[in-house]
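Student: Test case, fold it:
(chains A and B)
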There are 2 protein chains.
Amino acid sequence: MTQQLSNPVTQQPRAAHRLDGIEISLIRQINALATPLSVNLGIGEPNVEPDETLREFAVRAASTGSWHYTANAGTMQLRKLVAPGLDPKSEVCITAGTEEALFSIFQAYVDPGDEVLVPNPGFISYETIARIAGATPVPYNLDPSDWRLDVDALLKRITPKTKLIIVNSPSNPLGSVIDRETLQRIADAGPLVVSDEVYREIWYDEPPPSMLGMSDNVIVVGGMSKSHAMTGLRLGWVLASDAVMKPIVTAHQYVATCASAFSQSLAESILGDDAWNQSWLDRIRAQFRAQRETALFSIERELEVTIPPPAGAFYAFVPVPVCDTVVFAKTLATDAAVLVIPGIAFGSMGEGFVRISYAASLEAIGTGIERIGRWLRAGGR
Amino acid sequence: MTQQLSNPVTQQPRAAHRLDGIEISLIRQINALATPLSVNLGIGEPNVEPDETLREFAVRAASTGSWHYTANAGTMQLRKLVAPGLDPKSEVCITAGTEEALFSIFQAYVDPGDEVLVPNPGFISYETIARIAGATPVPYNLDPSDWRLDVDALLKRITPKTKLIIVNSPSNPLGSVIDRETLQRIADAGPLVVSDEVYREIWYDEPPPSMLGMSDNVIVVGGMSKSHAMTGLRLGWVLASDAVMKPIVTAHQYVATCASAFSQSLAESILGDDAWNQSWLDRIRAQFRAQRETALFSIERELEVTIPPPAGAFYAFVPVPVCDTVVFAKTLATDAAVLVIPGIAFGSMGEGFVRISYAASLEAIGTGIERIGRWLRAGGR
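Tutor: Numbering: from 1, shown residues only, chains lettered A, B, ... in the order given. Down below sits the predicted model:
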């Protein structure tokens, strides 16, 4: 900024302490190593493009939709469509994506000194936004043999300081799903529970149970980024009982004002056409099913490991025989042109694993995993 | 949520202390009193609809634009278009509106116990998001005779705890503009300065000076909500030197991930067609000029006061002879069907004034102000 900002800064302004140690995420760092020749198995979004109908819905929203502010909590029509059983006036808040939803929930409920139970391994944003809110993230460990959630072990980690319990099913990065009984026990544990269900529509054998309605303590987070291949359109939501919702809407007002009116209008068309929507979801589930089979087959053949088949989402969490998965992932990216995410990016229990996203073409999945295998057999670390 | 959420909450979960005393804003409360018969002079967005070209740009974005995540800081193309003189890689961050921009800046720089200097009267979000970040908002008073910013008085309020100085020109709710020399003195004062320039394209006699480039301490916030009648599309930006920007992008990543890819694509078309864009801005400035004249004329005739003509934005801040402008605004809304915002919504110095938005049709402006006059003459309080 030499041309325009001429006065030298004598003292570098100090960032707020809440950002101490918080950097751009490892996922972003690895993805920054991508080149045009890379096979990218590090991606956290569907390899799906909008079809003709989705584009038609979007064109309709663009050509006739309102560009004015919506209500902070979103348009009444979308709130009704998102959760037909709930009171749209007080129990639904549309957000600018699930990240903003989580951020606003944490701002609304977490005080400095509070504890937040987060899955380990788990999506690292939970820990980060807990720390930004001044809280201490307390990891609850999942069993590496099958990534089962040991609810008794989780309950033992609850203290008087526990403000939120974060649950994520289907899980990023594990692809695992938590059964209904386990979820109900967590719902009944006492503290507020945030159930991140953003991957809920991406399943293989049966729909994963939702925590919606399990208790007035439950805050469900959902969105359309993953299910409708619109990660860039920033459309999510929060579902909670009236009393629990109030401070969330207040925080959301000051964090984001409202979600994009265009995205809301598009979402109204999608959810308003149930027959089309179900066929879309069936189609992308079929696509991911094929990709999962290819990934599991390649992992078994090339990496010589068997992992529990993911029940949802589009990630395989795969053990690799290396000392340091960050070094491994970075070297793999630069030397073998394959991007995967080191497991440590998801917490201490993730060390020794890498997250392979199979949100990629069958060819990319096959080629990428083959390159990893060759790299490992050649002594790559 | 009786149907779905059956377990009674034995104890109401406590919201975080950072929200203590923070409610949905008075502006939203007053606007909630609108009926179909109301004349709404309480609105904070342009009474402008997208024209054919804007709709064409939007349809293009909807039919061919990417729906994938963009970089956290926005697409490179948009970053270049927003601030041609700056380094798009490190000095520009596209945000989900200016509210999110401000929120992320405060999260990035303000620690509990810090002080933030905010204009009084001024946009109340500054004070609120300072408090959400744990800081103490310290108002600097503007001179009610002409709303001039007394820079010496402002400088006297700087203490070792002062982390940010907020400047807003053109001002919401005043319509006043700060001259270049005053801005430069503030830029040189020492602390980081956040210059909220969201109303910068809406001016009457000459373009308001920007703080961009006045010092490496300056953080400029801008957006397209007001200038392009797209408040609902949530598109804003932050401009700052590399070193100052880094923590802002980190906070922004966890607050919002990225701005809507659709809105960014639309903004690229708008800013990429400079000739059209300038003619659009000329056109809406001409419209607001006519609305300003009508408002000033009606205020003088009906309310028998003369106010300094607003130099920017679309607000008249008008003294009214009542004891309590909140009661006045609420009664006026219900009994005379006119919406205006009580001055106290913008800080203690606003008491005794109301904000009349002339982002309304000439007829609505005339009728609304006439009704206020009649109401006051009839003894309305």
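
Student: How much space separates the residue nearest to A:Arg301 when sequence neighbours are not counted from A:Glu304?
Tutor: Counting by CB to CB, 6 or more residues apart in numbering or on different chains, A:Arg301 lies nearest to A:Gly373, which is 7.8 Å off, once chain neighbours are set aside. C-beta here means a position set from N, CA and C on the backbone, and glycine is covered the same way. A:Gly373 sits 8 Å away from A:Glu304, going by CB to CB, to the nearest Å.

Student: Pretty sure A:Leu303 is one of the things the residue nearest to A:Arg301 touches, is it not?
Tutor: Yes. Using CB atoms under 8 Å, A:Gly373 is in contact with A:Leu303, at 5.5 Å.

Student: ranges for the strands of chain A?
Tutor: A:39-40, A:92-95, A:115-120, A:136-141, A:162-168, A:192-196, A:218-223, A:236-239, A:315-319, A:338-339, A:341-342, A:353-357 (DSSP state E).

Student: Could you export these to a markdown table, including columns for mean neighbour count and mean pLDDT?
Tutor: Shown next, in a markdown table, are the strands of chain A (neighbours: other CB atoms under 10 Å in any protein chain shown; pLDDT from 0 to 100):
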| stretch | mean neighbour count | mean pLDDT |
| --- | --- | --- |
| strand A:39-40 | 22 | 96 |
| strand A:92-95 | 27 | 98 |
| strand A:115-120 | 25 | 98 |
| strand A:136-141 | 18 | 97 |
| strand A:162-168 | 24 | 98 |
| strand A:192-196 | 25 | 98 |
| strand A:218-223 | 26 | 98 |
| strand A:236-239 | 27 | 98 |
| strand A:315-319 | 22 | 97 |
| strand A:338-339 | 25 | 96 |
| strand A:341-342 | 28 | 96 |
| strand A:353-357 | 27 | 97 |
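
Student: nearest to B:Gly380, of these?
Tutor: strand A:92-95 (36.7 Å; CB to CB).

Student: which sections of the stretch 1-150 of chain A are below the confidence cut-off?
Tutor: A:1-11 (pLDDT under 70).

Student: Briefly note if the biggest helix by length in chain A comes near chain B.
Tutor: Secondary structure assigned by DSSP state H gives helix A:274-298 as the longest helix of chain A. No. No part of helix A:274-298 sits near chain B under the criterion CB under 8 Å from any CB of the partner chain; the closest distance found is 13.5 Å.

Student: What of stretch A:246-256?
Tutor: Yes. Against chain B, stretch A:246-256 shows contacts by CB under 8 Å from any CB at A:246-247, A:249-251, A:253-256.

Student: Chain B: which of these is nearest?
Tutor: Nearest to chain B among these is A:Pro247, at 3.7 Å by CB to the nearest CB.

Student: thinking that closest one is in contact with A:Ala108, fair?
Tutor: Yes. Using CB under 8 Å, A:Pro247 is in contact with A:Ala108, at 4.0 Å.

Student: any residues in contact with both of those two?
Tutor: B:15-16, B:19 (CB atoms under 8 Å, 6 or more residues apart in numbering or on different chains).

Student: possible to save these as JSON lines with distance to chain A?
Tutor: Shown next, in JSON lines, are the shared contacts of A:Pro247 and A:Ala108 (distance: CB to the nearest CB, whole Å):
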{"residue": "B:Ala15", "distance to chain A": "4"}
{"residue": "B:Ala16", "distance to chain A": "5"}
{"residue": "B:Leu19", "distance to chain A": "5"}
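
Student: Show me just the buried residues among those.
Tutor: B:15-16, B:19 (16 or more other CB atoms under 10 Å in any protein chain shown).

Student: okay if I get these as JSON lines plus distance to A:Gln77?
Tutor: JSON lines is the format used below for these (distance: CB to CB, whole Å):
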{"residue": "B:Ala15", "distance to A:Gln77": "28"}
{"residue": "B:Ala16", "distance to A:Gln77": "31"}
{"residue": "B:Leu19", "distance to A:Gln77": "28"}
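
Student: ok so, going back, just want to know which of A:Gly373 and A:Glu304 has more residues nearby.
Tutor: A:Gly373 (17 against 11; other CB atoms under 10 Å in any protein chain shown).

Student: Now do the contacts for that one.
Tutor: Per CB under 8 Å, 6+ apart, neighbours of A:Gly373: A:301-304.

Student: For A:Leu33, see how far away it is.
Tutor: 20 Å.

Student: Check the gap between A:Ala108 and A:Thr250 for me.
Tutor: For A:Ala108, the distance to A:Thr250 - CB to CB - is 7 Å.

Student: Next, show the common contact partners of the two.
Tutor: With CB under 8 Å, 6+ apart, A:Ala108 and A:Thr250 have common neighbours B:15, B:19.

Student: So for those two, which sits in the more crowded spot?
Tutor: A:Ala108 (27 against 22).

Student: so the more buried one sits right up against B:Asp20, yeah?
Tutor: No. Contact between A:Ala108 and B:Asp20 fails when scored by CB under 8 Å: they sit 11.9 Å apart.

Student: list residues touching both of the two?
Tutor: With CB under 8 Å, 6+ apart as the test, A:Ala108 and B:Asp20 reach no residue in common.

Student: Just to be sure, which of the buried ones among the shared contacts of A:Pro247 and A:Ala108 are found in helices?
Tutor: Among those, no member lies in helices (by DSSP H).

Student: For chain A, which segments count as helices?
Tutor: Counting by DSSP H, the helices of chain A are A:26-31, A:52-64, A:76-82, A:98-109, A:124-132, A:151-156, A:180-187, A:242-256, A:261-272, A:274-298, A:325-331, A:362-377.

Student: B:Glu45: which of those helices is closest?
Tutor: helix A:261-272 (11.3 Å).

Student: ok and that closest one relative to strand A:218-223, angle-wise?
Tutor: Put simply, helix A:261-272 runs at 100 degrees to strand A:218-223, going by axes from the mean of the first three to the mean of the last three CA atoms, to 10 degrees.

Student: List the contacts of helix A:261-272.
Tutor: Contacts for helix A:261-272 (CB under 8 Å, 6+ apart): A:54, A:57-58, A:60-62, A:65-70, A:74-75, A:77-78, A:81-82, A:94, A:224, A:228, A:230, A:233-235, A:276-277, A:280, B:58, B:62, B:232-233, B:260, B:262-263.

Student: Filter these down to the buried ones.
Tutor: The buried subset of the contacts of helix A:261-272 - by 16+ other CB under 10 Å - is A:54, A:57-58, A:60-62, A:65-70, A:74-75, A:77-78, A:81-82, A:94, A:224, A:228, A:230, A:233-235, A:277, A:280, B:58, B:62, B:232-233, B:260, B:262-263.

Student: for the stretch 201-350 of chain A, which spans come out with low pLDDT?
Tutor: If you take pLDDT under 70 as the line, the stretch 201-350 of chain A has no such spans.

Student: go again using 90 as the cut-off
Tutor: By pLDDT under 90, the low-scoring segments of the stretch 201-350 of chain A are A:322-323.

Student: who touches A:Glu100 in this structure?
Tutor: Taking CB under 8 Å, 6+ apart as the test, what A:Glu100 contacts is A:234, A:236, A:252, A:255-256, B:96, B:255-257.

Student: Please report how far A:Val340 lies from A:Cys323.
Tutor: 16 Å.
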